[in-house]
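S.K.: Sequence first, predicted model second:
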Amino acid sequence: MASAPTTKAAAGAAAQDPILKVEHLSMRFGGLMAINDLSFECRRGDITALIGPNGAGKTTVFNCITGFYKPTMGMMTLRQKGGQDYLLERLADFEITKRAKVARTFQNIRLFTGLTVLENLLVAQHNALMRASGYTILGLFGFPAYRKASKESIELARYWLDKASLTERADDPAGDLPYGAQRRLEIARAMCTGPELLCLDEPAAGLNPRESLALNTLLQGIRADTGTSILLIEHDMSVVMEISDHVVVLEYGQKISDGTPDFVKNDPKVIAAYLGVEDDEVEEVIAEVEEVAHEVEGGQK
């Protein structure tokens, strides 16, 4: 179940406590260097956004962190709240989920569409229920430990249904939900695994403004209520600037900016990357954009 919101003192300490340190990460596919000497940190309890133009290498970074790829070189250290360190590059993908407590969603929604909304959240707790059942025997005979675990799993699922505003759809097939609700269900399912780091791959993709607002509310609630750290890839800059504490910008597999949303959005290198111009042309392009804006504003008056 979700923990209580952190105090100001705890929040201040968390700001100095990185949950994830990526150091000199490189990923080569044959002759292509998809990620080149990338280093950044995710602070505990923060929402960190990883952004950049298409093909910048963002999903490759996620695939390295979550064990789908083994990096060519570099270290990725996840530090749990108790102080236990895990070198993610040395773990299998299932161990990163189970031991390091990293959960992930994907660009393409991967729900069990034939199961109900509630059942999707119970499936996420399958391992805990299997252990409590003694791998079938205790569950068959209804031992108290299994009944207790079963009750707790339903309570946790209903908690996240409420947080995702899906309680009224609990018994509906997941495939019948609107697209935005499916996105929230996928995040709620990931939270049922009890992650310390939640990795979201373009969670706002395809959402309308109302659905994006519901997503923002859910993610900010996750941070405030549980202290779970969030690392997300996102192209929707309204989402990034609204909810992120920290932004890392990639271009062609290299980091070109790293800081607060305000710092990043005013960084000439970031503007150049998104406008597709050279660094020395940025000031000229910005001046042209501002001139057009003034003309439009003058015309409206």
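M.R.: Looks like it arrived, so ask away. Residues are numbered from 1 along each chain as shown.

S.K.: Show me the strands in the chain, by range?
M.R.: Taking DSSP state E to define them, one finds strands in the chain at 18-29, 32-43, 47-51, 73-79, 85-87, 102-104, 197-201, 229-233, 246-251, 254-259.

S.K.: Redo these as JSON lines? Include distance to Ala170.
M.R.: C-betas here are computed from N, CA, C, even on glycine. Shown next, in JSON lines, are the strands of the chain (distance: least, CB to CB, whole Å):
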{"stretch": "strand 18-29", "distance to Ala170": "32"}
{"stretch": "strand 32-43", "distance to Ala170": "32"}
{"stretch": "strand 47-51", "distance to Ala170": "27"}
{"stretch": "strand 73-79", "distance to Ala170": "33"}
{"stretch": "strand 85-87", "distance to Ala170": "34"}
{"stretch": "strand 102-104", "distance to Ala170": "21"}
{"stretch": "strand 197-201", "distance to Ala170": "22"}
{"stretch": "strand 229-233", "distance to Ala170": "25"}
{"stretch": "strand 246-251", "distance to Ala170": "35"}
{"stretch": "strand 254-259", "distance to Ala170": "41"}
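
S.K.: would a markdown table of these with mean neighbour count and mean pLDDT be doable?
M.R.: Formatted as a markdown table, the strands of the chain follow (neighbours: other CB atoms under 10 Å; pLDDT from 0 to 100):
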| stretch | mean neighbour count | mean pLDDT |
| --- | --- | --- |
| strand 18-29 | 18 | 97 |
| strand 32-43 | 18 | 96 |
| strand 47-51 | 25 | 96 |
| strand 73-79 | 18 | 97 |
| strand 85-87 | 13 | 97 |
| strand 102-104 | 24 | 95 |
| strand 197-201 | 24 | 96 |
| strand 229-233 | 25 | 97 |
| strand 246-251 | 23 | 96 |
| strand 254-259 | 18 | 95 |
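
S.K.: so which of the ones you listed gets nearest Ala273?
M.R.: The closest of the strands of the chain to Ala273 is strand 246-251. By CB to CB, the value is 4.5 Å.

S.K.: Need the contact partners of the closest one.
M.R.: With contact meaning CB atoms under 8 Å, 6 or more residues apart in numbering, strand 246-251 is reached by 38, 40, 42-43, 46-53, 56-58, 61, 240, 255-261, 264, 267, 269-270, 273.

S.K.: buried sites along stretch 235-247?
M.R.: Buried residues in stretch 235-247, defined by neighbour count with 16 or more other CB atoms under 10 Å: Asp236, Met237, Val239, Val240, Ile243, Ser244, Asp245, His246, Val247.

S.K.: what's the distance between Leu38 and Thr113?
M.R.: 36 Å (CB to CB, to the nearest Å).
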